[in-house]
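Trainee: Only the shape, not the letters, is given here:
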């Protein structure tokens, strides 16, 4: 974690939630931990009094949790499912039709045997309906 000038934060990942308070309107996290700062975010952050931000230090070989979730999703998804938006390093896969959900259990166990990553699924050979959650990464 390092402290940087907000004006130079584009592309960096926030290390914690940042709350925006507008009296009588809102008091909630405006930016969540893990958010990648965009050019459009800079004026908002500055208006919140955030002149400096704590950001994740990029290191060779390390992925942001959202990017890791997208890579795991790509291993699981087929043409009969769609993903939810990535949030806090998690993506869920949703059934697009009724059918029989099948899992390559050996491959799933191999992936889940790795440190710091995981894919959770329904049991293999389970009947599912359109809209059911099938897996989460």
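Mentor: Thanks, I have it. Quick caveat: nothing in here was measured; it's all calculated off a predicted structure. Numbering: from 1, shown residues only.
Trainee: Can you give me the first-to-last residue distance of stretch 119-129?
Mentor: End-to-end distance of stretch 119-129 (Cα to Cα, to the nearest Å): 20 Å.
Trainee: Geometric centre of this structure: which residue is closest?
Mentor: Against the mean C-alpha coordinate of the chain, by Cα atoms, centre = their mean, the closest residue is residue 89 at 2.9 Å.
Trainee: Farthest from the middle of the protein: give me that residue.
Mentor: Most peripheral residue of the chain (Cα atoms, centre = their mean): residue 24, 30.4 Å.
Trainee: Now for it, which secondary structure element holds it?
Mentor: Of the helices and strands defined by DSSP states H and E, none includes residue 24.
Trainee: Which pLDDT value belongs to it?
Mentor: Looking at residue 24, its pLDDT reads 88.
Trainee: now the helix ranked longest in the chain, how far from the centre of its chain.
Mentor: In the chain, taking DSSP state H as the definition, the longest helix is helix 65-76. From the chain centre to the centre of helix 65-76 is a distance of 9 Å (Cα atoms, centre = their mean, to the nearest Å).
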